[in-house]
Structure formats: structure tokens, C-alpha cells
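A.B. asks: A predicted structure for the sequence below; I have some questions about it.
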Amino acid sequence: MNDENDLYNSASPTGQIPDLHIPIEVIHKIRSCESDRFDLLAKAAGLDPKRDFRGLDLSSADLTGIDWTEFNFEGSRFIDIPGVTPEMVVVPSGEFMTAPSEVTISRSFAVGRFPVIFDEWDKALDLGFDGPKLKSSFGRGRQPVINVSWEEAKAYADWLASYSGKTYHLLTDAEWEHACRAGSTTFFSFGDDQAELDQYAWYHDNSKGKTHPVGEKKPNAFGLYDMYGNVWEWVNSWHGSYESMPQADPQEPDTVRIRALIGGSWNAGAWSLRSADRRYDTPYYCSDDLGFRLARTL
């Protein structure tokens with residue numbers, strides 16, 4: 001499927017070649033500034049590098065042996081193992097303000113385009129992940145995972161990293177806020193007006209008391225969906241005071257026993273959905289409004 005905004009490489013029958021989505025403006029960047037990378041990709045598709053890239057069809061190309069990390073430009077999307085690993089979006093490095101400090105994320109990294117869904121969790125169970133069959137009163141499929149503890153979310157990320165050979169992990173608090181803000185300095189990534197939340201989030205005022213399939217609301221500027229509402233998302237750290245931690249890529253020690261949840265949920269009020277808001281709980285706690293999202297090192 002090709003259009004003016006995205007390129008799509010359909011998965012191979014073996015599932016060893018990842019889906020590849022690259023915004024057309026990124027393709028033009030590759031073409032104009034990264035000629036070696038453009039030539040490599042065009043050659044792999046059996047095409048003339050001088051032709052218009054928006055006509056490129058990779059569906060029948062021999063793409064074996066390509067290091068796909070070469071093409072993880074900011075804004076590009078990929079799936080390492082179709083049907084198993086989540087769809088990821090490459091998020092740029094950057095800074096955000098949190099009183100009283102400016103926090104820096106020094107390198108780009110990949111973030112799940114959506115929270116982890118039941119289809120992905122259940123597939124992992126089928127492939128040998130030793131996790132629980134999570135319960136849901138709201139359905140499965142593309143519904144976000146719920147009733148999952150931090151420990152279970154962490155175990156899933158560790159299993160997926162081992163199975164795929166890629167460094168999947170829970171986001172740190174700082175990574176999550178950076179990804180959520182998407183360069184904004186306002187209460188929400190789209191501004192300060194709570195009246196606009198209905199376009200971006202399932203929360204107390206519009207959810208009808210349940211989760212909803214991921215991706216039904218608008219994404220933020222980084223192309224990430226459901227960063228607000230639907231489910232609170234576990235992160236790998238406890239948001240203490242950034243002032244007491246390094247301001248570049250802050251990490252909490254893994255011995256911390258209280259973990260943060262961010263983003264609000266289907267039963268949370270609008271104020272709880274702010275980018276800077278947090279909830280805290282023990283790592284074994286679970287409920288029907290708690291889920292998580294994954295990150296991956298590039």
C-alpha cells in the first residue's frame with residue numbers, strides 16, 4: 001500500500017523482514033542528504049536511485065541482509081517481527097522543562113505507536129512467554145492490555161527483548177514525558193484547553209466506563225496514539241525530583257519499589273491527563289485501568 005504520505009513494505013511470509021513505514025518528507029531527506037542510504041534502499045528494491053522515491057514498491061524486493069537501523073529516521077515507523085512485536089515510532093532526542101530543571105533526552109529512540117494490546121500479549125503467551133492470561137471486561141484484540149502489574153509488564157518487555165534480539169524495555173519517566181509532550185510546553189501536547197481532550201483521549205467524560213481499541217483518537221506531534229487516557233501506563237522508574245538526578249537521560253535505581261504511572265485513563269478526570277501528572281503504586285498492583293507501552297533502543 002503506497003500513498004503520498006507513507007511507504008509500506010509488506011511483511012515477508014517468514015516474518016523475518018520488518019514492516020517499514022517512512023514519511024515522504026523523511027524519504028526526501030534521505031534522498032537529498034543521505035545519498036548512500038537512499039542508494040542502498042533503492043538498490044535493494046531493484047530500482048534506479050534517480051527515480052521519484054514515492055513510486056517505490058518494496059513488496060517484492062530482496063531485502064535480506066539490510067541493517068534496518070540505518071533507516072530509523074525520526075518519524076519513521078517499523079515492526080521488527082510482524083504479528084509479535086509492536087509497531088514502533090522513532091522519536092527524536094530533545095529537551096523538556098520540568099520545575100525546576102530542563103531534562104535532556106540525548107538520543108533518539110523508538111516508542112510504541114500504541115499501548116501494548118491484548119493481541120500482542122496473547123501472541124507472546126502462545127510463543128512461550130511465562131506470563132498470566134490477563135483478564136478483561138472490555139474485550140481483547142486491539143484493546144489495550146489491562147490488569148497488568150509493573151512486574152508483569154517488565155517481564156513481558158524482557159521476554160520480547162530476548163525473543164526478538166532487540167532491546168525492548170519500559171520507558172523511563174523522562175522518556176515517557178518527552179515522548180508525550182512531543183516538543184510542547186503546555187499542559188497537554190496540543191495546548192492548554194481541556195475542551196480539546198475529546199479529540200485525543202478516552203477519559204472520564206467520554207469513555208462510557210470502559211477502554212477502547214487503540215488508535216481511535218488523534219495522535220500527538222510524534223505520531224503516538226493514546227498517550228492521554230484509555231489506560232494509565234507503567235514506566236520503569238519513580239518520578240522523584242529530577243533535581244537530584246542527572247539532567248541528561250535521568251534514570252532511577254532499579255531498587256526503587258514504588259513505580260510511576262502516567263497519562264491518565266478511561267476513568268480519570270481531565271486534570272490527571274496532563275503531561276506532567278503522575279500516579280504511583282507498588283510494582284505488583286494491577287487494575288482495569290492500568291496498562292503500559294514499550295520503548296526500544298536504536
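C.D. replies: Cool, the structure landed.
A.B. asks: what's the neighbour count on the spatially closest residue to S189 that is not a sequence neighbour?
C.D. replies: Counting by CB to CB, 6 or more residues apart in numbering, the nearest residue to S189 once its immediate chain neighbours are dropped is N220, at 4.3 Å. (Each C-beta comes from the backbone N, C-alpha and C, glycine too.) When neighbours are defined as other CB atoms under 10 Å, N220 has 21 of them.
A.B. asks: next, give phi and psi for N220.
C.D. replies: Here the main-chain torsion angles of N220 (degrees, to the nearest 10) amount to phi -80, psi -170.
A.B. asks: that one and Q199 touch, don't they?
C.D. replies: No - with contact taken as CB atoms under 8 Å, N220 and Q199 are classed as non-touching, separated by 11.2 Å.
A.B. asks: shared neighbours, these two?
C.D. replies: Taking CB atoms under 8 Å, 6 or more residues apart in numbering as the criterion, N220 and Q199 both touch F190.
A.B. asks: follow-up on the earlier one: show me the contacts for the residue nearest to S189.
C.D. replies: Applying CB under 8 Å, 6+ apart, one finds that N220 lies in contact with C180, A182, S189, F190, Y200, M227.
A.B. asks: could you rerun that using 6 Å?
C.D. replies: Taking CB atoms under 6 Å, 6 or more residues apart in numbering as the definition of contact, the neighbours of N220 are A182, S189, M227.
A.B. asks: ok so the last one is a strand residue?
C.D. replies: No - residue assignment for M227, taken from DSSP: H, G, I helix; E, B strand; the rest coil, gives coil, which places it outside any strand.
A.B. asks: mind checking how far it is from A182?
C.D. replies: 8 Å (CB to CB, to the nearest Å).
A.B. asks: okay, the two: which has more neighbours?
C.D. replies: M227 (30 against 20).
A.B. asks: next up, phi/psi of the residue lying closest to the more buried one once chain neighbours are set aside, please.
C.D. replies: Excluding its sequence neighbours, the residue lying closest to M227 (CB to CB, 6+ apart) is C180, at 4.6 Å. The phi and psi torsions at C180 (degrees, to the nearest 10) take the values phi -70, psi -50.
A.B. asks: what about C180, how many neighbours?
C.D. replies: By the measure other CB under 10 Å, the count of residues near C180 is 25.
A.B. asks: equivalent analysis for the one 4 residues further on, please.
C.D. replies: The local packing count at S184 equals 16, with neighbours defined by other CB under 10 Å.
A.B. asks: assign a three-state SS to it, would you?
C.D. replies: coil.
A.B. asks: please enumerate residues in contact with stretch 163-173?
C.D. replies: Counting by CB under 6 Å, 6+ apart, stretch 163-173 makes contact with 80-81, 85, 157, 160-161, 235-237, 239, 260, 294-297, all of which sit outside it.
A.B. asks: pick out the lowest-pLDDT one from these.
C.D. replies: Between these, the one the model trusts least by pLDDT is H239, at 57.
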